[in-house]
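A.B. asks: Quick one, what's the 3D model for this:
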Amino acid sequence: MRIGFVGLGAMGLPMARNLVAAGHDVAGCDIRPEAQAALAAAGGRAAAAPADAARDADVLILMVVNADQADSVLFGEGGAAGALPSGAVVVASCTQPADRARALAARLEALGLLFLDAPVSGGVVGAEQGTLSIMAAGSDAAFDKARPVLEILGKAVWRMGSEPGLGSMMKTVNQLMCGAHIAVAAEAMSLAARAGLDPRLAQEVLMAGAAASWMLGNRGPRMLQSDPPVTSAVDIFVKDLGIVLEAGHMLRTALPMAAAAHQMFLGASGLGHGAEDDSQVLKAYEALSGISVPRFSDD
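C.D. replies: Numbering: from 1, shown residues only. Next up, the predicted model:
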């Protein structure tokens with residue numbers, strides 16, 4: 001199958017590599033030449049523009065940051081929508097509001113294209129290992145055409161319904177949980193440090209009991225690194241929890257936990273840490289409490 005892939009970031013590049021490894025013809029586009037070179041080194045093809053990635057593709061995957069980038073990739077200068085053959089399916093895996101996913105679907109369907117609203121969860125590890133959770137919504141034709149590709153990328157491909165937007169709404173719920181988990185883990189580490197506990201030992205104890213969570217196990221160790229790698233930035237959760245709160249406002253649903261977590265990510269970003277790993281929301285707690293949680297260079 002010929003696959004176009006736009007967005008070769010921390011998750012997009014390993015996803016595209018997995019498709020190449022499965023025998024697909026993958027043309028990838030990214031604003032960073034080194035990302036395109038990495039895909040080419042893995043056996044894929046570098047595309048100079050989204051339209052080049054989309055040309056003759058059966059499936060076009062968008063692994064970009066937000067809805068505005070998806071719009072630009074599809075309909076901006078050198079956009080992909082005009083280059084796709086009739087009947088191709090566009091798979092939008094970015095985190096975006098449900099109404100933006102529905103708007104994309106309407107514009108693409110008017111051009112004779114299929115659309116699948118299919119955000120993903122599982123982080124860099126899931127992208128590398130092909131174990132993502134994929135929340136897909138769209139027509140039977142779109143789902144059936146994209147499913148063989150999605151099953152390479154994820155261990156679980158969930159059919160959320162036939163209406164575009166349902167996948168994005170499920171991702172919104174997912175991001176509420178993820179953002180709150182990261183923030184409360186940082187809060188726990190700040191309390192442990194203030195109380196004089198060894199934060200590494202505290203994490204070990206928490207992970208052995210009922211307080212354990214995937215996010216604590218994944219982000220907790222990075223909170224204690226002196227210079228953690230950035231797999232998802234603080235500003236990503238500023239955006240994503242903003243989408244969560246927008247959904248709550250639209251649906252008249254109280255989301256006090258999401259609002260509190262959003263404030264902590266906003267605070268960390270305002271302190272200058274927006275481009276750092278999202279685990280560094282801990283720095284907002286440190287600033288509030290006037291403490292310094294120990295960091296370790298060997299973790």
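A.B. asks: Run through who's touching stretch 265-285.
C.D. replies: Residues outside stretch 265-285 that contact it (CB atoms under 8 Å, 6 or more residues apart in numbering): 179, 182-183, 186-187, 189-190, 219-220, 222-223, 228-238, 241, 264, 287-288, 291, 293. Every residue, glycine included, has its C-beta placed from N, CA and C.
A.B. asks: and if we set it to 7 Å?
C.D. replies: With contact meaning CB atoms under 7 Å, 6 or more residues apart in numbering, stretch 265-285 is reached by 179, 182-183, 186-187, 189-190, 219, 222-223, 228-238, 241, 264, 287, 293.
A.B. asks: Quick one: residues contacting residue 26.
C.D. replies: Residue 26 neighbours (CB under 7 Å, 6+ apart): 3, 5, 16, 19-20, 44-45.
A.B. asks: now, the most widely separated pair of these?
C.D. replies: Greatest spacing in these, by CB to CB: 19 and 45 (11.8 Å).
A.B. asks: out of these two, which sits in the busier spot?
C.D. replies: Ranked by neighbour count (other CB atoms under 10 Å), residue 19 and residue 45 place residue 19 first, with 25 against 18.
A.B. asks: I'd guessed the more buried one sits against residue 152; true?
C.D. replies: Yes. Residue 19 is within contact range of residue 152, at 5.9 Å (criterion: CB atoms under 7 Å).
A.B. asks: Now do the strands in the stretch 51-200 of the chain.
C.D. replies: For the stretch 51-200 of the chain, applying DSSP state E, counting those that start in this stretch gives strands covering 59-62, 89-92, 114-117, 120-121, 132-138, 154-161.
A.B. asks: Format those strands as a markdown table; extra columns: distance to residue 258 and mean neighbour count.
C.D. replies: Output for those, formatted as a markdown table (distance: least, CB to CB, whole Å; neighbours: other CB atoms under 10 Å):
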| stretch | distance to residue 258 | mean neighbour count |
| --- | --- | --- |
| strand 59-62 | 25 | 27 |
| strand 89-92 | 23 | 30 |
| strand 114-117 | 21 | 27 |
| strand 120-121 | 16 | 22 |
| strand 132-138 | 18 | 26 |
| strand 154-161 | 20 | 17 |
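A.B. asks: Quick one, which of those gets closest to residue 197.
C.D. replies: Nearest to residue 197, of those and by CB to CB, is strand 120-121 at 30.9 Å.
A.B. asks: Count the neighbours of the closest residue to residue 10 other than its chain neighbours for me.
C.D. replies: Nearest in space to residue 10, with sequence neighbours left out and distances taken as CB to CB, 6 or more residues apart in numbering, is residue 124 at 5.2 Å. Number of residues near residue 124 (other CB under 10 Å) recorded here: 17.
A.B. asks: Surely residue 124 is in contact with residue 230?
C.D. replies: No. Counting by CB under 7 Å, residue 124 does not reach residue 230; the two are 9.9 Å apart.
A.B. asks: follow-up on the earlier one: would you write a ChimeraX line that selects the buried entries of the contacts of stretch 265-285?
C.D. replies: To isolate the buried ones among the contacts of stretch 265-285 in ChimeraX, judged by 16 or more other CB atoms under 10 Å, type:
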select :179,182,183,186,187,189,190,219,222,223,228,230,231,232,233,234,235,236,237,238,241,264,293
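A.B. asks: Neighbours of residue 251, how many?
C.D. replies: By the criterion of other CB under 10 Å, residue 251 has 9 neighbours.
A.B. asks: Mind jotting down where the helices sit in this protein?
C.D. replies: Here the chain has its helices, by DSSP state H, at 12-21, 33-41, 50-54, 67-75, 98-109, 123-129, 140-153, 166-194, 199-207, 214-223, 234-250, 256-268, 282-289.
A.B. asks: need the ones you listed in JSON lines with distance to residue 275 and mean pLDDT, can you?
C.D. replies: What follows is these, written out as JSON lines (distance: least, CB to CB, whole Å; pLDDT from 0 to 100):
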{"stretch": "helix 12-21", "distance to residue 275": "18", "mean pLDDT": "98"}
{"stretch": "helix 33-41", "distance to residue 275": "17", "mean pLDDT": "97"}
{"stretch": "helix 50-54", "distance to residue 275": "25", "mean pLDDT": "98"}
{"stretch": "helix 67-75", "distance to residue 275": "17", "mean pLDDT": "97"}
{"stretch": "helix 98-109", "distance to residue 275": "24", "mean pLDDT": "98"}
{"stretch": "helix 123-129", "distance to residue 275": "16", "mean pLDDT": "94"}
{"stretch": "helix 140-153", "distance to residue 275": "27", "mean pLDDT": "98"}
{"stretch": "helix 166-194", "distance to residue 275": "16", "mean pLDDT": "98"}
{"stretch": "helix 199-207", "distance to residue 275": "24", "mean pLDDT": "98"}
{"stretch": "helix 214-223", "distance to residue 275": "15", "mean pLDDT": "96"}
{"stretch": "helix 234-250", "distance to residue 275": "7", "mean pLDDT": "98"}
{"stretch": "helix 256-268", "distance to residue 275": "11", "mean pLDDT": "99"}
{"stretch": "helix 282-289", "distance to residue 275": "12", "mean pLDDT": "98"}
